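Novice: Structure here, sequence nowhere to be found:
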């Protein structure tokens, strides 16, 4: 007998609340619409993100050796020209990213955000919707990193928020893979775009300038887009 593939709870919740998956064009990519009768349904979005987080919380996910290597390369690049006192990681799930940055940036404060209540289980992590900004973050983050930006419900709002937090001369490092492309969107990962679409989205909505790319490669064509706020 062939075992049936289970439908993730977050997809079931989307369909029960909003019907069939609605995908629309967004700036430079595709975006799953969290709308009911033309009104944005934030509660459904948040619940789906929490369900997805809990489903994947203890899964292997990205190979930890690979993630360590990626964060080491970002840290080495950043330290060439930037004094890192405060680093912010968005959408960190189980806190591994913060620890890897701490290993490479021992003198820096490193904080991670996670929308799910599970954030409280991990050190240096706060329960927080990454579309929002704490006042003390504005212009104070020497390094921002994320590979979870595809979880956004509004990419323009997201990158405007993140861009406002980068310090003068600071960096933002955003990871892109084939899994971030526009044809990979779903209820849990609502937004997708090409690498160039990502670059244009960030530079078109922030004061950050595209500076370089770290090529990781591999089957997922993993790349880190590096943006800097002028000093």
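Specialist: All right, it came through fine. Computed from a predicted structure; not experimentally measured.

Novice: Run a quick neighbour tally on residue 39.
Specialist: Look at residue 39: counted by other Cβ atoms under 10 Å, it has 8 neighbours. Yep, even glycine has a C-beta here, placed from its N, CA and C like the rest.

Novice: Pull out the buried residues from the helix or strand that contains residue 24.
Specialist: Using DSSP states H and E, residue 24 sits in strand 23-26. Buried residues in strand 23-26, counting neighbours by 16 or more other Cβ atoms under 10 Å, are found at 23, 26.

Novice: That one - what's its average pLDDT?
Specialist: For strand 23-26, mean pLDDT rounds to 92.

Novice: That strand packs against which elements?
Specialist: Identification of packing neighbours for strand 23-26 by 3 or more Cβ pairs under 8 Å, 6 or more residues apart in numbering; DSSP states H and E yields strand 29-32.

Novice: What is the strand it packs on packed up against?
Specialist: Contacts defined by 3+ Cβ pairs under 8 Å, 6+ apart place strand 29-32 against strand 23-26, strand 191-193.

Novice: I'd like these written out as CSV, with distance to residue 120 added.
Specialist: What follows is these, written out as CSV (distance: least, Cβ to Cβ, whole Å):
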stretch, distance to residue 120
strand 23-26, 32
strand 191-193, 26
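
Novice: In the chain, where is pLDDT below threshold?
Specialist: Residue ranges of the chain with pLDDT under 70: 1-6, 59-62.

Novice: Quick check, central residue of it?
Specialist: In the chain, the centroid-proximal residue (Cα atoms, centre = their mean) is residue 148; its distance is 2.4 Å.

Novice: That one and residue 79: what is the separation?
Specialist: According to Cβ to Cβ, to the nearest Å, residue 148 and residue 79 sit 23 Å apart.

Novice: if we can go back for a sec, the residue nearest to the centre of the chain against residue 113, yeah?
Specialist: No: between residue 148 and residue 113 there is no contact, the gap being 9.4 Å when judged by Cβ atoms under 8 Å.

Novice: Of all the helices and strands packed on strand 29-32, which one is nearest residue 98?
Specialist: Comparing these against residue 98 with Cβ to Cβ, the closest turns out to be strand 191-193 (23.6 Å).
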